[in-house]
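Student: Turn this into a structure:
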Amino acid sequence: MPDLLLELRSEEIPARMQRKAAGDLRKMLTDGLVEAGLTYEAAREYWTPRRLALDIRGLTARSKDIREEIKGPSTTAPEQAVQGFLRKAGLSSIAEAHVHSDPKKGDFYLAHISKPGRAAEEIIAELVPGIIKSFPWPKSMRWGPASAKPGSLRWVRPLQSIVCTFGPETEEPVVVDFEIDGIRAGNITYGHRFHAPGPITVRRFDDYVAKLEAAKVVLDADRRKEIILADARNIAFANGLDLVEDEGLLEEVSGLVEWPVVLMGEFEQDFLTIPGEVIRLTIRANQKCFVTRPQGASDDLSNRFILVANIEAKGGGKEIAYGNGKVVRARLSDALYFWRTDQSDLPDLDQLGVSAAKFDLDLKKPLDQRMARLDHLNVTFHAKLGTQGARVERIKRLAEELAPVVAKSISPLEGEMAGRPEGVAAREAPASSATTDSLGILRETTPSVAFGDISPSRREITALVARAAVLAKADLQTEVVGEFPELQGAMGRKYALLQDEHASVAAAAEEHYKPQGPSDRVPTDPVSVAVALADKLDTLTGFWAIDEKPTGSKDPFALRRAALGVVRILIENRIRLALASVFAKAFANFKGGADQSSDLLAFFHDRLKVYLRDQGARHDLIDAVITLQSDDLLQIVRRVEALGSLLDTDEGKNLLAGTKRAANILAAEEKKKTAVAETVESALFREDAEKKLYAAVNQAEKEAGQAIQNEDFSGAMLALSVLREPVDSFFEGVLVNDEDQAVRANRLALLARIRAATDQVADFSKIVG
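Tutor: Numbering: from 1, shown residues only. Reported below is the predicted structural model:
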């Protein structure tokens with residue numbers, strides 16, 4: 001079977017675009033070939049900074065002949081219908097059509113169309129130019145004299161040559177001949193820009209790869225990554241260091257070189273006083289280099305870095321390493337200036353008094369100064385939601401309300417709050433028990449905490465939360481975060497520790513942004529948890545108040561992520577929180593905004609369903625438990641777990657069947673407006689099964705209700721499970737639709753009692769099975 005080789009060589013393609021572009025090329029060409037009637041055995045794409053290549057194996061040499069029939073209108077149809085048929089079938093006159101007869105419909109026209117197969121070279125020559133012209137680059141350009149003409153070729157960077165050969169292994173492949181904007185396809189490519197810039201004649205993929213390798217071009221991007229990583233590890237180890245690996249940087253660097261040569265550079269030890277995160281980002285962002293650390297060290301960096309050159313230079317690349325070192329030193333000098341400036345007094349300190357008083361800030365402390373300036377400058381958070389300063393005020397108020405709720409659920413034992421200020425007592429361990437449920441989620445029995453119920457023993461925690469909320473956004477005014485926005489939070493923590501803030505306050509500056517995704521860890525420190533919840537809930541209620549909600553796939557403010565973050569924080573920290581009361585207070589902070597608590601709660605229900613399904617919970621059990629008013633997410637989780645455990649037993653399965661049967665009968669009779677007694681009268685019982693079911697329902701309803709009141713959902717399910725046998729006996733020995741209207745109404749009322757008893761814990765009608 002013939003193979004196809006295609007190479008599109010250009011000036012350097014941005015590294016971030018290469019992998020996707022190669023994949024797009026493979027998909028567009030293979031889809032086009034299949035649509036044209038060809039088949040292939042395998043296809044793989046390749047890329048370097050200067051070329052996209054495609055290797056298609058086992059491509060059929062010719063498409064199949066096609067014979068098809070196109071049915072036309074009746075022979076008595078109007079001329080307009082006949083002309084439409086001729087255009088569709090590609091016939092010049094009706095004489096070219098055949099007349100067929102149908103016993104029911106009469107005579108009608110039929111066109112027999114024969115399309116001979118086409119050579120693969122012809123199809124390829126037609127497809128590739130169209131693909132090049134319509135290629136979906138994120139950004140493209142025009143170049144040269146032809147660029148002035150309408151419809152001229154656009155490519156990510158100037159396209160220089162095209163290789164396109166086709167043929168079987170046993171024969172000499174042919175060049176697929178086509179031209180696009182003066183560039184004619186051929187069998188000539190070029191090697192490394194500096195090491196082997198001359199023309200190279202290629203035949204098929206295997207010798208193409210071998211000749212490029214000899215011309216200092218490694219075609220396979222994954223192999224370039226392997227070379228870079230192995231050489232970087234080895235050179236670091238040889239110097240007594242460990243490479244700080246970075247998959248994103250490795251992917252980018254492999255797209256910057258065709259012939260990777262790994263070298264080591266260095267900078268002065270004095271720069272190591274800068275935080276490691278800042279050093280790493282400075283070297284990564286500006287020079288695309290890797291940092292190293294002493295062997296065995298976890299956090300400390302060394303003053304050596306790894307760079308990847310694209311040439312084998314004279315002298316082992318010493319001049320290249322030296323040149324990169326000069327640039328790195330200049331960049332680190334800037335970073336050192338930012339780092340020191342952030343620890344110094346602000347030049348406009350005398351103008352920050354009002355803002356400092358508003359937030360009870362100490363202007364002797366650098367981070368306090370930055371928070372005062374954030375408020376003083378009226379930095380906008382959102383045009384409709386006011387300034388960052390106003391947002392910090394809202395977060396502080398909400399966090400203070402949440403603090404006792406969080407502290408009651410998360411109570412570290414004595415000694416767990418290292419760095420506790422004098423006078424702040426350790427919190428007692430909770431009296432509640434905790435177990436891991438079938439969903440892998442920790443369950444606890446602490447009752448739900450009323451929003452705003454501040455216990456005196458928690459007031460110290462509330463003070464720490466208030467301080468953390470005020471400083472949480474202060475690092476947005478620092479020089480380092482201005483240069484590296486991705487360090488917001490992390491730098492806030494460092495600066496807070498430098499001015500001797502409580503360890504929990506410093507941790508909250510970083511952790512209140514968490515979790516930032518499904519794989520990110522959830523904060524567990526009570527101070528961090530309270531501020532994280534307040535931050536996310538303020539964001540959600542704010543955007544709901546101005547009606548800026550996620551729609552379809554659009555979520556520009558990451559509100560789904562924020563809601564899922566709240567869900568994870570509450571469930572994984574076992575926090576009982578009535579969201580409805582939180583929403584009411586939060587919406588009150590936005591003057592003129594609508595209170596959309598019900599809609600926001602429904603949004604949280606959707607996020608909780610996503611979370612629980614990912615944990616393995618059944619969707620029907622979740623739907624059975626959640627009601628429009630369910631605002632305690634942890635309670636929902638516990639109900640789902642208890643319901644699942646019940647339905648895993650034979651008693652639960654049979655109870656479900658009996659309960660659904662009772663509900664279906666009752667619903668059918670209610671639809672027919674059959675009379676249902678308001679209460680069950682034992683005097684109307686005629687069968688022992690009625691009496692036993694009535695007694696069982698009374699007992700189960702009472703015990704289940706008591707268990708629910710005690711937050712014991714497993715106990716509630718156990719209480720309901722005793723209904724299994726009396727329900728089965730009832731349906732086996734009792735006719736519900738008795739001829740006596742009073743008896744029938746009484747029996748329907750008994751079925752209503754079954755439904756009411758089970759509805760205390762779940763809507764069994766929504767459960768599949």
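Student: mind listing what the residue lying closest to Leu346 once chain neighbours are set aside touches?
Tutor: Using C-beta to C-beta, 6 or more residues apart in numbering and skipping the chain neighbours, the partner closest in space to Leu346 is Gln369 (4.9 Å). (C-beta placed from N, C-alpha, C; glycine too.) For Gln369, the contact set (C-beta atoms under 8 Å, 6 or more residues apart in numbering) comprises Asp345, Leu346, Leu349, Leu352, Leu361, Leu363.
Student: that's a helix at Thr189, yeah?
Tutor: No: under the criterion used here (DSSP: H, G, I helix; E, B strand; the rest coil), Thr189 is strand, not part of a helix.
Student: circling back: tell me which element the residue nearest to Leu346 is part of?
Tutor: In the assignment (DSSP states H and E), Gln369 maps to helix 366-376.
Student: Then Ala399?
Tutor: helix 388-409.
Student: tell me the mean pLDDT for that helix?
Tutor: If you average the pLDDT over helix 388-409, you get 94.
Student: And the helices in the stretch 201-350 of the chain, which stretches?
Tutor: 205-214, 221-238, 247-254, 276-287, 318-341 (DSSP state H, counting those that start in this stretch).
Student: can I get the ones you listed in CSV with mean pLDDT and mean neighbour count?
Tutor: Converted to CSV, those look like this (pLDDT from 0 to 100; neighbours: other C-beta atoms under 10 Å):
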stretch, mean pLDDT, mean neighbour count
helix 205-214, 96, 17
helix 221-238, 97, 17
helix 247-254, 96, 18
helix 276-287, 93, 19
helix 318-341, 95, 16
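Student: can you tell which of the ones you listed is closest to Gln760?
Tutor: Ranking these by their distance to Gln760 (criterion: C-beta to C-beta) puts helix 247-254 first, at 51.2 Å.
Student: so what does the closest one touch, helix or strand wise?
Tutor: helix 15-35, helix 221-238 (3 or more C-beta pairs under 8 Å, 6 or more residues apart in numbering; DSSP states H and E).
Student: just checking, what packs against the shortest one?
Tutor: Counting by 3+ C-beta pairs under 8 Å, 6+ apart, the packing neighbours recorded for helix 221-238 are strand 42-48, strand 241-243, helix 247-254, strand 261-266, strand 304-309.
Student: Which neighbouring elements make contact with the last one?
Tutor: In this structure, strand 304-309 makes packing contacts with helix 221-238, strand 261-266, helix 276-287, strand 290-294, helix 318-341, judged by 3+ C-beta pairs under 8 Å, 6+ apart.
Student: Ok, which of those comes nearest Ala667?
Tutor: Among the helices and strands packed on strand 304-309, helix 221-238 sits nearest to Ala667 (C-beta to C-beta), with 60.5 Å.
Student: which residues sit against the closest one?
Tutor: Outside helix 221-238, the residues that reach it (C-beta under 8 Å, 6+ apart) are 18-19, 46-48, 218, 242-243, 245, 250-251, 253-255, 257-258, 260, 262-264, 290, 292, 295, 304, 306, 308.
Student: any idea how far the closest residue to Lys691 other than its chain neighbours is from Asp740?
Tutor: Nearest residue to Lys691, sequence neighbours excluded (C-beta to C-beta, 6+ apart): Phe685, at 5.2 Å. Between Phe685 and Asp740 the computed distance is 12 Å (C-beta to C-beta, to the nearest Å).
Student: out of the two, which sits in the busier spot?
Tutor: Phe685 (19 against 11; other C-beta atoms under 10 Å).
Student: tell me the contacts of the more buried one?
Tutor: Lys691, Tyr694, Asn746.
Student: any idea which of these has the most stuff around it?
Tutor: Busiest of those [other C-beta under 10 Å] is Asn746, holding 23 neighbours.
Student: Distance of that one relative to Gly652?
Tutor: With C-beta to C-beta as the criterion, Asn746 and Gly652 are 28 Å apart.
Student: same check, this time on Leu54
Tutor: Distance from Leu54 to Gly652, by C-beta to C-beta: 57 Å.
Student: Please apply the same query to Val566.
Tutor: 32 Å.
Student: The two: who's more crowded?
Tutor: Higher neighbour count among Val566 and Gly652: Val566, with 25 against 20, using other C-beta under 10 Å.
Student: Please tell me I have it right and that one contacts Leu537.
Tutor: Yes: between Val566 and Leu537 there is a contact under C-beta atoms under 8 Å: 6.5 Å.
Student: ok, back up a step: redo the helices and strands packed on helix 247-254 as JSON lines? Include distance to Val156.
Tutor: JSON lines is the format used below for these (distance: least, C-beta to C-beta, whole Å):
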{"stretch": "helix 15-35", "distance to Val156": "6"}
{"stretch": "helix 221-238", "distance to Val156": "16"}
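Student: got TSV for the helices and strands packed on strand 304-309, with distance to Gly592 too?
Tutor: Output for those, formatted as TSV (distance: least, C-beta to C-beta, whole Å):
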stretch	distance to Gly592
helix 221-238	54
strand 261-266	57
helix 276-287	41
strand 290-294	50
helix 318-341	40
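Student: returning to that earlier point: and the buried ones among the contacts of helix 221-238, selectable in PyMOL?
Tutor: Of the contacts of helix 221-238, the buried ones can be selected in PyMOL as follows, counting by 16 or more other C-beta atoms under 10 Å:
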select buried, resi 18+46+47+48+218+242+243+250+251+253+254+255+257+258+260+262+263+264+290+292+304+306+308
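Student: can you count the residues close to the nearest residue to Gln343 once chain neighbours are set aside?
Tutor: Leaving aside its chain neighbours, Gln343 sits nearest to Pro366 (5.3 Å; criterion: C-beta to C-beta, 6+ apart). Using other C-beta under 10 Å, Pro366 is surrounded by 19 other residues.
Student: Val697 too?
Tutor: 24.
Student: cool, and Leu349?
Tutor: Counted with other C-beta under 10 Å, Leu349 comes out at 14.
Student: how about His165, secondary structure?
Tutor: One thing to correct before we go on: residue 165 is Thr, not His. Thr165 ends up strand, using three-state DSSP.
Student: check contacts around it.
Tutor: Thr165 neighbours (C-beta under 8 Å, 6+ apart): Leu4, Leu5, Pro173, Val174, Val175, Val176, Asn187, Val202, Arg203, Arg204.
Student: and the gap between it and Ser114?
Tutor: Counting by C-beta to C-beta - Thr165 and Ser114 are separated by 32 Å.
Student: returning to what we had before: between the contacts of Thr165, identify the one with the most neighbours.
Tutor: Neighbour-wise, these (other C-beta under 10 Å) top out at Leu4, 28 neighbours.
Student: for the protein, which spans come out with low pLDDT?
Tutor: Counting by pLDDT under 70, the chain contains low-confidence residues at 411-458, 593-594, 769.
Student: for the spatially most central residue of it, phi and psi?
Tutor: In the chain, the residue lying closest to the centroid (C-alpha atoms, centre = their mean) is Gly517, at 6.3 Å. Main-chain torsions, Gly517, degrees, to the nearest 10: phi -180, psi 170.
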